[in-house]
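J.: Kindly return the folded structure for what I paste below:
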Amino acid sequence: MNAKVYHLLIASAVLFTGCSDTMDGSGEEPVLPPVENNPANTSYPPAFPGQTRANGVRTSTPFVSEVLTSSLSSPWGITALPDGRLLITEKAGTMRIMSTTGTLSNAITGIPAVNSAGQGGLLGLCVDPQFASNRMVYWVFSENVSGGNLTSVAKGRLSDSETMIENPVVIYRATPSANVGNLHYGGRILFDSTGNLFVSTGERSDLSTRPLAQSVTAAVGKILRITTSGQPAPGNPSFSQSGALPVLYSMGHRNPQGLAIHPQTGELWQSEHGPRGGDEINRVQGGANYGWPTITYGIEYSGAVIGDGIQQKQGMEQPVYYWDPVISPSGMTFYRGNAMPEWQNNLFIASLSGMHIARLVIENNKVVGEERLLVGENQRFRDITQGKDNALYAVTDGGKLYRIRKQ
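T.: Residues are numbered from 1 along each chain as shown. As a prediction, the model looks like this:
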(Lines give C-alpha, C1' and ligand atoms only; values in the text may rest on other atoms or scores of the structure.)
Protein backbone atom coordinates (compact mmCIF):
# COMPACT_ATOMS: atom_id res chain seq x y z
CA MET A 1 0.00 0.00 0.00
CA ASN A 2 1.35 3.41 -0.99
CA ALA A 3 0.69 6.29 1.36
CA LYS A 4 1.32 9.99 1.21
CA VAL A 5 0.76 12.57 3.88
CA TYR A 6 -0.80 15.76 2.61
CA HIS A 7 -0.70 18.72 4.97
CA LEU A 8 -0.33 22.47 5.02
CA LEU A 9 -0.11 23.67 1.40
CA ILE A 10 -0.69 20.26 -0.26
CA ALA A 11 -1.48 21.00 -3.90
CA SER A 12 -1.40 24.73 -3.34
CA ALA A 13 2.32 24.51 -2.70
CA VAL A 14 3.02 23.98 -6.38
CA LEU A 15 0.86 26.93 -7.30
CA PHE A 16 1.80 29.45 -4.65
CA THR A 17 5.20 30.42 -3.34
CA GLY A 18 6.88 33.51 -1.99
CA CYS A 19 3.85 35.14 -0.36
CA SER A 20 2.86 35.35 3.26
CA ASP A 21 -0.56 34.14 4.37
CA THR A 22 -3.27 36.54 5.33
CA MET A 23 -6.26 35.67 7.45
CA ASP A 24 -9.93 36.07 6.59
CA GLY A 25 -10.70 37.56 9.98
CA SER A 26 -12.01 34.36 11.53
CA GLY A 27 -8.58 33.19 12.64
CA GLU A 28 -9.35 29.77 11.16
CA GLU A 29 -8.63 29.56 7.43
CA PRO A 30 -5.65 31.19 5.70
CA VAL A 31 -6.62 33.07 2.54
CA LEU A 32 -4.44 32.28 -0.48
CA PRO A 33 -4.49 33.39 -4.10
CA PRO A 34 -6.84 31.44 -6.40
CA VAL A 35 -5.58 27.96 -7.21
CA GLU A 36 -6.09 28.57 -10.93
CA ASN A 37 -3.49 30.83 -12.49
CA ASN A 38 -3.66 29.76 -16.14
CA PRO A 39 -5.24 32.11 -18.70
CA ALA A 40 -8.98 31.78 -19.23
CA ASN A 41 -10.33 30.84 -22.65
CA THR A 42 -12.66 33.84 -22.66
CA SER A 43 -12.87 37.37 -21.32
CA TYR A 44 -16.46 36.84 -20.14
CA PRO A 45 -17.00 38.63 -16.82
CA PRO A 46 -18.56 36.66 -13.94
CA ALA A 47 -22.06 37.60 -12.85
CA PHE A 48 -20.94 38.21 -9.26
CA PRO A 49 -17.71 38.24 -7.22
CA GLY A 50 -16.43 34.77 -6.35
CA GLN A 51 -18.33 32.99 -9.14
CA THR A 52 -14.98 31.82 -10.48
CA ARG A 53 -11.41 31.77 -9.18
CA ALA A 54 -12.34 32.07 -5.53
CA ASN A 55 -9.58 32.57 -2.99
CA GLY A 56 -7.43 29.56 -2.33
CA VAL A 57 -7.61 27.71 0.98
CA ARG A 58 -5.53 24.93 2.48
CA THR A 59 -6.33 22.07 4.81
CA SER A 60 -4.44 22.57 8.05
CA THR A 61 -5.17 19.16 9.56
CA PRO A 62 -2.67 16.54 8.31
CA PHE A 63 -4.28 13.75 6.33
CA VAL A 64 -3.22 10.63 4.49
CA SER A 65 -3.94 9.45 0.95
CA GLU A 66 -3.73 5.68 0.44
CA VAL A 67 -4.16 3.58 -2.70
CA LEU A 68 -6.29 0.59 -1.66
CA THR A 69 -6.19 -1.03 -5.08
CA SER A 70 -4.98 -0.39 -8.62
CA SER A 71 -6.91 -3.34 -10.06
CA LEU A 72 -10.25 -1.80 -10.97
CA SER A 73 -11.18 -1.60 -14.65
CA SER A 74 -12.32 1.93 -15.59
CA PRO A 75 -14.43 2.49 -12.45
CA TRP A 76 -17.19 5.08 -12.82
CA GLY A 77 -19.34 5.11 -9.69
CA ILE A 78 -18.71 4.36 -6.03
CA THR A 79 -21.02 4.22 -3.02
CA ALA A 80 -20.83 2.89 0.52
CA LEU A 81 -22.74 -0.17 1.64
CA PRO A 82 -24.29 -0.20 5.15
CA ASP A 83 -21.48 -2.39 6.50
CA GLY A 84 -18.79 0.03 5.33
CA ARG A 85 -17.67 -1.82 2.23
CA LEU A 86 -17.81 -0.04 -1.13
CA LEU A 87 -19.84 -0.95 -4.20
CA ILE A 88 -18.20 0.17 -7.45
CA THR A 89 -19.32 0.17 -11.09
CA GLU A 90 -16.90 -0.60 -13.90
CA LYS A 91 -17.53 1.01 -17.27
CA ALA A 92 -17.65 -2.21 -19.29
CA GLY A 93 -20.65 -3.49 -17.35
CA THR A 94 -19.69 -5.10 -14.04
CA MET A 95 -19.75 -4.14 -10.39
CA ARG A 96 -17.30 -5.02 -7.65
CA ILE A 97 -17.27 -4.84 -3.86
CA MET A 98 -14.20 -3.45 -2.14
CA SER A 99 -13.41 -3.87 1.53
CA THR A 100 -11.75 -1.03 3.40
CA THR A 101 -8.79 -3.36 4.03
CA GLY A 102 -8.08 -3.72 0.32
CA THR A 103 -9.88 -6.92 -0.69
CA LEU A 104 -11.55 -6.70 -4.09
CA SER A 105 -14.38 -9.07 -5.04
CA ASN A 106 -14.80 -10.88 -8.32
CA ALA A 107 -16.96 -9.17 -10.92
CA ILE A 108 -20.66 -9.05 -10.07
CA THR A 109 -22.58 -10.26 -13.12
CA GLY A 110 -26.20 -10.30 -14.30
CA ILE A 111 -26.29 -6.63 -15.31
CA PRO A 112 -28.06 -5.81 -18.61
CA ALA A 113 -25.74 -5.14 -21.55
CA VAL A 114 -24.28 -1.66 -21.75
CA ASN A 115 -22.90 0.34 -24.67
CA SER A 116 -19.45 1.04 -23.29
CA ALA A 117 -18.11 2.94 -26.31
CA GLY A 118 -16.89 6.50 -25.82
CA GLN A 119 -18.29 8.06 -22.65
CA GLY A 120 -20.88 5.32 -22.26
CA GLY A 121 -21.06 2.19 -20.15
CA LEU A 122 -22.14 1.28 -16.65
CA LEU A 123 -22.18 4.67 -14.94
CA GLY A 124 -23.41 5.99 -11.57
CA LEU A 125 -25.08 3.93 -8.86
CA CYS A 126 -26.74 4.14 -5.47
CA VAL A 127 -28.18 1.67 -3.01
CA ASP A 128 -31.64 1.66 -1.53
CA PRO A 129 -31.98 3.35 1.89
CA GLN A 130 -33.43 -0.01 3.00
CA PHE A 131 -30.59 -1.99 1.42
CA ALA A 132 -29.89 -3.90 4.63
CA SER A 133 -33.27 -5.59 4.23
CA ASN A 134 -34.03 -5.46 0.49
CA ARG A 135 -30.51 -5.44 -1.06
CA MET A 136 -31.69 -3.25 -3.96
CA VAL A 137 -29.20 -1.41 -6.17
CA TYR A 138 -29.99 1.32 -8.73
CA TRP A 139 -27.73 2.35 -11.60
CA VAL A 140 -27.48 4.43 -14.76
CA PHE A 141 -26.11 3.07 -18.03
CA SER A 142 -25.92 3.79 -21.74
CA GLU A 143 -28.19 1.43 -23.63
CA ASN A 144 -28.52 0.48 -27.29
CA VAL A 145 -32.14 0.78 -28.38
CA SER A 146 -34.08 1.28 -31.57
CA GLY A 147 -32.91 4.51 -33.14
CA GLY A 148 -29.51 4.62 -31.47
CA ASN A 149 -28.62 4.79 -27.79
CA LEU A 150 -29.66 6.67 -24.68
CA THR A 151 -29.27 7.05 -20.92
CA SER A 152 -31.24 4.41 -19.00
CA VAL A 153 -31.93 3.67 -15.34
CA ALA A 154 -32.16 0.14 -13.93
CA LYS A 155 -32.50 -1.64 -10.65
CA GLY A 156 -31.87 -5.13 -9.29
CA ARG A 157 -31.19 -7.11 -6.16
CA LEU A 158 -27.65 -7.93 -5.10
CA SER A 159 -27.72 -11.67 -4.46
CA ASP A 160 -27.03 -13.03 -1.01
CA SER A 161 -23.84 -14.53 -2.42
CA GLU A 162 -22.87 -11.09 -3.77
CA THR A 163 -21.94 -12.61 -7.12
CA MET A 164 -24.77 -11.32 -9.30
CA ILE A 165 -27.62 -8.86 -9.69
CA GLU A 166 -30.94 -10.68 -9.54
CA ASN A 167 -34.03 -9.73 -11.54
CA PRO A 168 -32.59 -6.62 -13.16
CA VAL A 169 -35.13 -4.36 -14.81
CA VAL A 170 -34.86 -1.10 -16.72
CA ILE A 171 -37.18 1.36 -15.01
CA TYR A 172 -36.65 4.46 -17.16
CA ARG A 173 -35.21 5.45 -20.55
CA ALA A 174 -34.33 9.09 -21.23
CA THR A 175 -35.80 9.61 -24.67
CA PRO A 176 -35.38 10.45 -27.44
CA SER A 177 -32.68 7.99 -28.42
CA ALA A 178 -30.05 9.30 -30.79
CA ASN A 179 -27.64 7.77 -33.25
CA VAL A 180 -25.11 10.59 -32.92
CA GLY A 181 -22.17 8.97 -31.15
CA ASN A 182 -21.32 8.02 -27.59
CA LEU A 183 -20.93 11.25 -25.65
CA HIS A 184 -22.71 13.18 -22.87
CA TYR A 185 -24.83 10.60 -21.10
CA GLY A 186 -24.75 12.38 -17.72
CA GLY A 187 -25.09 9.35 -15.51
CA ARG A 188 -25.38 10.08 -11.77
CA ILE A 189 -28.17 8.85 -9.55
CA LEU A 190 -29.03 9.32 -5.88
CA PHE A 191 -31.94 9.12 -3.46
CA ASP A 192 -33.64 12.22 -2.13
CA SER A 193 -35.06 12.51 1.38
CA THR A 194 -38.47 11.23 0.27
CA GLY A 195 -37.24 7.93 -1.16
CA ASN A 196 -37.34 9.04 -4.78
CA LEU A 197 -34.46 9.19 -7.26
CA PHE A 198 -32.61 12.08 -8.88
CA VAL A 199 -31.00 11.16 -12.21
CA SER A 200 -28.76 13.33 -14.42
CA THR A 201 -28.83 13.05 -18.21
CA GLY A 202 -26.61 14.69 -20.82
CA GLU A 203 -27.71 16.30 -24.07
CA ARG A 204 -25.61 13.86 -26.15
CA SER A 205 -23.17 16.54 -27.37
CA ASP A 206 -24.17 16.63 -31.04
CA LEU A 207 -25.29 19.95 -32.51
CA SER A 208 -28.52 18.27 -33.56
CA THR A 209 -29.37 17.15 -30.01
CA ARG A 210 -27.90 20.09 -28.07
CA PRO A 211 -31.11 22.20 -28.37
CA LEU A 212 -33.05 19.40 -26.64
CA ALA A 213 -31.57 20.58 -23.33
CA GLN A 214 -34.05 23.46 -23.70
CA SER A 215 -37.00 21.24 -24.68
CA VAL A 216 -39.42 20.11 -21.97
CA THR A 217 -40.59 17.28 -24.20
CA ALA A 218 -37.16 15.60 -24.14
CA ALA A 219 -35.52 13.90 -21.16
CA VAL A 220 -31.95 14.74 -22.25
CA GLY A 221 -29.92 17.57 -20.75
CA LYS A 222 -32.01 17.35 -17.60
CA ILE A 223 -32.18 16.39 -13.95
CA LEU A 224 -35.02 13.89 -13.58
CA ARG A 225 -36.89 12.91 -10.44
CA ILE A 226 -38.53 9.48 -10.55
CA THR A 227 -39.88 6.83 -8.21
CA THR A 228 -38.10 3.53 -7.68
CA SER A 229 -40.41 2.05 -10.34
CA GLY A 230 -39.50 4.76 -12.85
CA GLN A 231 -42.66 6.84 -12.63
CA PRO A 232 -42.76 10.64 -12.17
CA ALA A 233 -42.11 11.38 -8.50
CA PRO A 234 -44.92 13.05 -6.54
CA GLY A 235 -44.37 16.77 -6.09
CA ASN A 236 -42.32 17.29 -9.23
CA PRO A 237 -42.32 20.90 -10.48
CA SER A 238 -44.54 22.09 -13.31
CA PHE A 239 -43.02 23.65 -16.42
CA SER A 240 -44.98 26.31 -18.26
CA GLN A 241 -44.25 25.02 -21.75
CA SER A 242 -46.80 22.62 -23.19
CA GLY A 243 -46.12 18.90 -23.29
CA ALA A 244 -43.61 18.94 -20.44
CA LEU A 245 -42.51 15.50 -19.28
CA PRO A 246 -43.70 14.92 -15.69
CA VAL A 247 -40.34 13.39 -14.73
CA LEU A 248 -38.44 16.66 -15.21
CA TYR A 249 -36.90 18.40 -12.21
CA SER A 250 -34.61 20.92 -13.93
CA MET A 251 -33.47 21.66 -17.48
CA GLY A 252 -30.76 23.33 -19.53
CA HIS A 253 -27.86 21.03 -18.62
CA ARG A 254 -24.95 19.97 -20.84
CA ASN A 255 -23.27 16.89 -19.34
CA PRO A 256 -24.05 16.67 -15.61
CA GLN A 257 -21.82 14.01 -14.04
CA GLY A 258 -22.15 14.88 -10.36
CA LEU A 259 -25.04 15.03 -7.89
CA ALA A 260 -24.96 15.60 -4.12
CA ILE A 261 -27.37 16.63 -1.36
CA HIS A 262 -26.27 19.48 0.89
CA PRO A 263 -26.09 18.17 4.49
CA GLN A 264 -27.66 21.28 6.06
CA THR A 265 -30.19 22.54 3.51
CA GLY A 266 -31.14 19.24 1.89
CA GLU A 267 -30.88 20.92 -1.50
CA LEU A 268 -29.56 19.22 -4.61
CA TRP A 269 -26.22 20.36 -6.02
CA GLN A 270 -24.78 19.35 -9.36
CA SER A 271 -21.55 19.41 -11.37
CA GLU A 272 -21.61 19.88 -15.12
CA HIS A 273 -19.05 19.69 -17.90
CA GLY A 274 -18.77 22.83 -19.96
CA PRO A 275 -17.26 22.98 -23.44
CA ARG A 276 -13.97 24.93 -23.68
CA GLY A 277 -14.40 26.74 -20.38
CA GLY A 278 -17.61 26.95 -18.44
CA ASP A 279 -17.58 23.90 -16.18
CA GLU A 280 -20.29 24.55 -13.58
CA ILE A 281 -21.44 23.86 -10.04
CA ASN A 282 -25.18 24.48 -9.71
CA ARG A 283 -27.56 24.59 -6.78
CA VAL A 284 -30.51 22.88 -8.42
CA GLN A 285 -33.98 24.27 -7.81
CA GLY A 286 -37.05 22.38 -9.00
CA GLY A 287 -38.46 23.85 -12.20
CA ALA A 288 -35.40 25.98 -12.95
CA ASN A 289 -33.60 26.38 -16.26
CA TYR A 290 -29.77 26.35 -16.10
CA GLY A 291 -29.31 27.81 -19.53
CA TRP A 292 -27.37 25.44 -21.78
CA PRO A 293 -26.85 26.11 -24.65
CA THR A 294 -28.42 29.59 -24.55
CA ILE A 295 -26.07 30.93 -21.90
CA THR A 296 -22.61 29.62 -21.05
CA TYR A 297 -19.22 30.77 -19.79
CA GLY A 298 -17.52 28.55 -22.38
CA ILE A 299 -16.83 28.54 -26.09
CA GLU A 300 -16.77 25.81 -28.74
CA TYR A 301 -13.67 23.61 -28.85
CA SER A 302 -12.90 25.32 -32.16
CA GLY A 303 -12.84 28.66 -30.37
CA ALA A 304 -16.12 29.82 -31.90
CA VAL A 305 -18.76 31.60 -29.84
CA ILE A 306 -21.68 29.45 -28.70
CA GLY A 307 -25.06 30.82 -29.75
CA ASP A 308 -25.28 34.54 -29.13
CA GLY A 309 -22.23 34.50 -26.86
CA ILE A 310 -24.23 35.56 -23.80
CA GLN A 311 -23.76 34.50 -20.20
CA GLN A 312 -26.92 35.84 -18.58
CA LYS A 313 -30.58 35.80 -19.55
CA GLN A 314 -33.75 36.42 -17.62
CA GLY A 315 -35.41 33.19 -16.56
CA MET A 316 -32.14 31.24 -16.60
CA GLU A 317 -30.09 30.44 -13.52
CA GLN A 318 -26.46 31.35 -12.92
CA PRO A 319 -24.01 28.69 -11.76
CA VAL A 320 -22.87 29.04 -8.17
CA TYR A 321 -19.36 28.52 -9.50
CA TYR A 322 -17.61 27.91 -12.81
CA TRP A 323 -14.14 27.06 -14.09
CA ASP A 324 -12.26 28.42 -17.08
CA PRO A 325 -10.04 26.61 -18.05
CA VAL A 326 -12.04 23.47 -17.36
CA ILE A 327 -11.29 20.81 -14.77
CA SER A 328 -13.98 18.37 -16.06
CA PRO A 329 -15.90 17.88 -12.79
CA SER A 330 -17.43 14.44 -12.37
CA GLY A 331 -18.75 12.73 -9.23
CA MET A 332 -18.96 14.73 -6.02
CA THR A 333 -19.96 14.56 -2.38
CA PHE A 334 -20.44 16.86 0.59
CA TYR A 335 -18.32 15.98 3.62
CA ARG A 336 -20.51 15.17 6.62
CA GLY A 337 -17.98 13.62 8.94
CA ASN A 338 -16.46 14.91 12.16
CA ALA A 339 -13.01 13.40 11.64
CA MET A 340 -11.95 16.53 9.72
CA PRO A 341 -13.97 19.39 11.27
CA GLU A 342 -12.61 22.00 8.83
CA TRP A 343 -14.09 19.96 5.95
CA GLN A 344 -17.61 19.94 7.41
CA ASN A 345 -20.16 20.71 4.64
CA ASN A 346 -17.39 21.28 2.09
CA LEU A 347 -17.98 19.98 -1.43
CA PHE A 348 -15.45 17.52 -2.85
CA ILE A 349 -15.42 17.04 -6.62
CA ALA A 350 -13.60 14.44 -8.70
CA SER A 351 -11.78 16.20 -11.52
CA LEU A 352 -10.93 14.39 -14.76
CA SER A 353 -8.86 16.67 -17.01
CA GLY A 354 -7.79 18.68 -13.95
CA MET A 355 -6.38 15.50 -12.38
CA HIS A 356 -7.16 16.43 -8.80
CA ILE A 357 -9.92 16.48 -6.22
CA ALA A 358 -11.41 19.94 -5.83
CA ARG A 359 -12.45 21.06 -2.37
CA LEU A 360 -14.92 23.95 -2.31
CA VAL A 361 -15.71 25.84 0.89
CA ILE A 362 -19.30 27.08 0.66
CA GLU A 363 -20.97 29.72 2.82
CA ASN A 364 -24.50 30.99 2.21
CA ASN A 365 -24.57 29.16 -1.14
CA LYS A 366 -21.43 30.95 -2.33
CA VAL A 367 -17.99 29.46 -2.87
CA VAL A 368 -15.53 31.27 -0.61
CA GLY A 369 -12.51 29.01 -1.01
CA GLU A 370 -11.03 26.38 -3.31
CA GLU A 371 -8.29 23.80 -2.78
CA ARG A 372 -6.81 21.17 -5.06
CA LEU A 373 -5.96 17.84 -3.45
CA LEU A 374 -3.88 14.89 -4.72
CA VAL A 375 -2.48 16.92 -7.62
CA GLY A 376 0.75 14.93 -7.59
CA GLU A 377 -1.04 11.64 -8.26
CA ASN A 378 -1.65 12.55 -11.93
CA GLN A 379 -4.96 10.68 -11.98
CA ARG A 380 -8.26 11.36 -13.73
CA PHE A 381 -10.58 11.26 -10.70
CA ARG A 382 -14.03 9.98 -11.72
CA ASP A 383 -16.08 9.73 -8.53
CA ILE A 384 -15.82 10.34 -4.80
CA THR A 385 -17.93 9.33 -1.83
CA GLN A 386 -17.77 9.37 1.94
CA GLY A 387 -17.42 6.04 3.68
CA LYS A 388 -19.06 4.92 6.88
CA ASP A 389 -15.70 5.53 8.58
CA ASN A 390 -15.81 9.26 7.66
CA ALA A 391 -12.96 8.83 5.17
CA LEU A 392 -13.32 9.93 1.56
CA TYR A 393 -13.00 7.29 -1.17
CA ALA A 394 -12.22 8.23 -4.77
CA VAL A 395 -11.87 6.16 -7.94
CA THR A 396 -9.87 7.04 -11.05
CA ASP A 397 -10.17 6.19 -14.72
CA GLY A 398 -6.85 4.40 -14.38
CA GLY A 399 -8.36 1.85 -11.99
CA LYS A 400 -7.21 3.15 -8.62
CA LEU A 401 -9.21 3.49 -5.44
CA TYR A 402 -7.95 6.08 -2.94
CA ARG A 403 -8.83 6.47 0.71
CA ILE A 404 -8.34 9.96 2.13
CA ARG A 405 -8.42 10.17 5.92
CA LYS A 406 -7.08 12.08 8.87
CA GLN A 407 -3.47 11.20 9.60
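
J.: what element comes up after the strand of greatest length in the chain heading to the C-terminus?
T.: In terms of residue count, the longest strand belonging to the chain (DSSP state E) is strand 165-178. Per DSSP states H and E, the first helix or strand lying C-terminal to strand 165-178 is strand 189-191.

J.: strand partners of that following strand, parallel vs antiparallel please.
T.: With DSSP bridges as the test, strand 189-191 is paired with strand 197-201 (antiparallel).

J.: lowest confidence element among the helices and strands of this protein?
T.: None of the helices or strands of the chain scores lower by mean pLDDT, DSSP states H and E than strand 22-23, at a mean of 32.

J.: Could you tell me which ranges of this protein sit under the pLDDT cut-off?
T.: Scanning the chain for pLDDT under 70 picks out 1-30.

J.: list the contacts for the closest residue to D397 other than its chain neighbours?
T.: The shortest distance from D397 to any non-neighbouring residue, by CB to CB, 6 or more residues apart in numbering, is to R380 (4.1 Å). Bear in mind the C-beta positions are built from the backbone N, C-alpha and C, glycine included. With contact set as CB atoms under 8 Å, 6 or more residues apart in numbering, R380 has these partners: L352, S353, M355, T396, D397, G398.

J.: From V67, how far off is L347?
T.: According to CB to CB, to the nearest Å, L347 and V67 sit 23 Å apart.

J.: Compare those two and say which is more crowded by neighbours.
T.: More neighbours surround L347 than the other of L347 and V67, with 25 against 17 (other CB atoms under 10 Å).

J.: Once you drop chain neighbours, what's closest to that one?
T.: That would be L360: by CB to CB, 6+ apart, it lies 4.4 Å from L347.

J.: just checking, Y249 touches L224?
T.: Yes - the criterion here is CB atoms under 8 Å, and Y249 meets it with L224 at 6.0 Å.

J.: what's the burial count for the residue lying closest to Q119 once chain neighbours are set aside?
T.: Distances taken as CB to CB, 6+ apart put L183 closest to Q119, at 5.0 Å, once the chain neighbours are dropped. For L183, the neighbour count with other CB under 10 Å is 18.

J.: can you check the one 5 residues further on too?
T.: When neighbours are defined as other CB under 10 Å, R188 has 27 of them.

J.: Could you measure from it over to T103?
T.: R188 sits 27 Å away from T103, going by CB to CB.
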